[in-house]
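Asker: would you be able to build a 3D model of this:
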Amino acid sequence: MLLDAFNQDLSQAYKVLSSFYLYGITGDILDELSEEFELSPDMDPSEDIEEDFFNLISSPAAVLPPYESLYATDIAEHGSIKGTIPEDVSRFYADAGLDLAPEMTTIAPDHIGLEMLFVSYLIENNRIDVLRRFFSLHIISWVPHYCDLLKEEAQTAFMKEIGGITKELVLTDFEDLSHG
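Answerer: As a prediction, this is how the structure comes out:
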């Protein structure tokens, strides 16, 4: 089945956000974010954005490490998860036929960047039932809250904007999946 333009754009939006959360600020990622979400790369000096990203997300002492298991501690109440959150996320990946690339195995499976990449994959492959379950059990249970924290803690307008964009995308898609 060929993807329609809307789903191609949606998949691309998740890929761009995935790259940002996994790799931070590079020239290519800034360009993709600017193009995909009409962000001004001149919002803040790139050095300030890099420092904000490092302090918030990627340093060993990050203020907001981007892992679901740190924010969705009560997820077991949904009743269908056995084991830890990273184990359950890994099962979703495996059940969808995905093996993580060797460079990704050093990152916990519940990293926001990997989860966003998985959402993109599910959209591209029209796996809507799996997408609904993954959103219900994982994405919606922590990403909006994480984005609120990101907007509160960020020192740059750019990082605050990324938090808002991510939250809006997730909430809109969850609403569409819930009623579609």
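
Asker: confidence-wise, which helix or strand of this protein is lowest on average?
Answerer: helix 27-37 (a mean of 88; mean pLDDT, DSSP states H and E).

Asker: which residues sit against it?
Answerer: 12-13, 16, 19-20, 23, 39-41, 46, 162, 165 (Cβ atoms under 8 Å, 6 or more residues apart in numbering). Where C-beta positions appear, they are placed from N, C-alpha and C, glycine not excepted.

Asker: of the residues you listed, which pair is most distant in space?
Answerer: By the measure Cβ to Cβ, 12 and 46 form the most distant pair in the contacts of helix 27-37, at 22.6 Å.

Asker: where's residue 112 relative to residue 6, distance?
Answerer: 23 Å (Cβ to Cβ, to the nearest Å).

Asker: neighbour count for these two, which is higher?
Answerer: The residue with more neighbours, out of residue 112 and residue 6, is residue 112; 26 against 9, by other Cβ atoms under 10 Å.

Asker: how many neighbours does the nearest residue to the more buried one once chain neighbours are set aside have?
Answerer: Spatially, and ignoring its direct neighbours in sequence, residue 112 is nearest to residue 66 (4.1 Å; Cβ to Cβ, 6 or more residues apart in numbering). The number of residues packed near residue 66 is 25, by other Cβ under 10 Å.

Asker: again with residue 49
Answerer: 22.

Asker: over to residue 95?
Answerer: Residues contacting residue 95 under the criterion other Cβ under 10 Å number 11.

Asker: and the longest helix anywhere in the chain, what's its mean pLDDT?
Answerer: What stands out as the longest helix in the chain, according to DSSP state H, is helix 157-179. Averaged over helix 157-179, pLDDT sits at 93.

Asker: phi first, then psi, for the nearest residue to residue 50 once chain neighbours are set aside.
Answerer: With Cβ to Cβ, 6+ apart as the criterion, residue 50 has its nearest non-adjacent residue at 5.0 Å, and that residue is residue 25. Here is the backbone geometry of residue 25 (degrees, to the nearest 10): phi -90, psi 120.

Asker: you'd agree residue 25 is up against residue 47?
Answerer: No: using Cβ atoms under 8 Å as the test, residue 25 is too far from residue 47 to be in contact (9.3 Å).

Asker: which pLDDT does the model give the residue nearest to residue 112?
Answerer: So, for residue 66, pLDDT stands at 97.

Asker: in the chain, what spans have low per-residue confidence?
Answerer: Within the chain, the stretches with pLDDT under 70 are 1-3, 5, 41, 73-83, 100-105, 180.
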